[in-house]
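> Any chance you can model this:
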Amino acid sequence: MLDIGHPGKLLVRTRSCHASEQCWKGDHSECKNNERCGKPWVVILKPKAYVSLRETPERAGEFGIKLGGDAKKGDIVCVEVKEQNEPWILGRVVGDLGSYELKTPTDTPYTVLVPGDIVVEIQKLEPVNPGTKVFDVTNKVFPVRAKDIRLGKVEVKHLEVRRSGRCRSAPARMGMRNTPSVAMQNQSTSRCEISSSTHSRILRSMLLCGGNN
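Alright, predicted model coming up:
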């Protein structure tokens, strides 16, 4: 096997020679040991996968903004938030990509937005338990920076869970609004579940992006 200086191509033969004068000169086709070692031929290497180049904060941010622009209302996106116990969140897109227009910096649940930030409004999916792949669709709605989006159009399986009793909205955190509470018996709560492969994709995206500021 020999690197011949062309990306994706190698010169190979059945057995190595390393003995003839022709081989040492690089003229393998005239090797006197071709009968014993076999004539050389070129093989083309076909990649099975490509490594993402989004390893810097700048590239991750650019790709996140593109994902935010491509997202449609109802799509599920994964957002990096850098909380110690919650490095990423899932959210259902409820608003279009746009510029943050308030004149002063404003705290949101996971970051401080400044005028001019490109944002997308999402409805948070809350994990049922730490490390779980099952999420409740909450009434927590808030904007996130589009450059923090790591995956778009995340595939989820929708589940329906019946709950009895009276339900109230949880108190809103800074920068978060709650949708109206529903007080009723046998409330139907929407849940989503992600697959193990989707969970792995999320973790890989966190490693590849390199973090954002």
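> Now do the same contact list for residue 200.
When contacts are counted by Cβ atoms under 8 Å, 6 or more residues apart in numbering, residue 200 touches no other residue. Every C-beta, even on glycine, is put in place using the N, C-alpha and C of the backbone.
> That one belongs to a strand?
No: under DSSP: H, G, I helix; E, B strand; the rest coil, residue 200 falls outside any strand and is assigned helix.
> Quick check, pLDDT for it.
pLDDT, residue 200: 91.
> where's it relative to residue 145, distance?
Taking Cβ to Cβ, to the nearest Å as the measure, residue 200 and residue 145 are separated by 24 Å.
> Given the longest strand along the chain, what are its sheet partners and their directions?
If each strand of the chain is counted by residues according to DSSP state E, the longest one is strand 134-145. Strand 134-145 sits in its sheet next to strand 118-127 (antiparallel), strand 177-178 (antiparallel), strand 187-193 (antiparallel), going by DSSP bridges.
> Most tightly packed of those?
When the strands paired with strand 134-145 are scored by mean count of other Cβ atoms under 10 Å, the highest mean neighbour count falls to strand 118-127 (a mean of 20).
> on that earlier part again, between the strands paired with strand 134-145, which gets nearest to residue 81?
In terms of Cβ to Cβ, the element of the strands paired with strand 134-145 nearest to residue 81 is strand 118-127, at 10.3 Å.
> now residue 8, nearest residue through space, not along the chain?
Leaving aside its sequence neighbours, residue 8 sits nearest to residue 45 (Cβ to Cβ, 6 or more residues apart in numbering; 4.9 Å).
> possible to save the strands paired with strand 134-145 as CSV with mean pLDDT and distance to residue 31?
Formatted as CSV, the entries for those read as follows, by pLDDT from 0 to 100; distance: least, Cβ to Cβ, whole Å:
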stretch, mean pLDDT, distance to residue 31
strand 118-127, 95, 61
strand 177-178, 56, 76
strand 187-193, 74, 60
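> give me phi/psi at the residue nearest the centre of the chain?
With distances taken as Cα atoms, centre = their mean, residue 151 lies nearest the centre of the chain, 3.5 Å away. As for residue 151, its main-chain torsions (degrees, to the nearest 10) stand at phi -140, psi 140.
> for it, what are its contacts?
67, 77-78, 201-202, 205.
> between those residues, which has the most around it?
Of all the contacts of residue 151, the most densely surrounded is residue 77 (25 neighbours; neighbours counted as other Cβ atoms under 10 Å).
> Okay, and that one sits in which element?
Assigned by DSSP states H and E, residue 77 falls within strand 76-83.
> okay, the angle between that strand and strand 134-145?
Our comparison of strand 76-83 with strand 134-145, counting by axes from the mean of the first three to the mean of the last three Cα atoms, to 10 degrees, yields an angle of 80 degrees.
> and the helix or strand that strand 76-83 is followed by, which residues are buried?
From strand 76-83 onward toward the C-terminus, using DSSP H and E, the following helix or strand is strand 86-93. Residues of strand 86-93 classed as buried by neighbour count (16 or more other Cβ atoms under 10 Å): 88-93.
> Of the residues you listed, which is the nearest to residue 156?
The shortest approach to residue 156 among the buried residues of strand 86-93 belongs to residue 90, at 7.8 Å (Cβ to Cβ).
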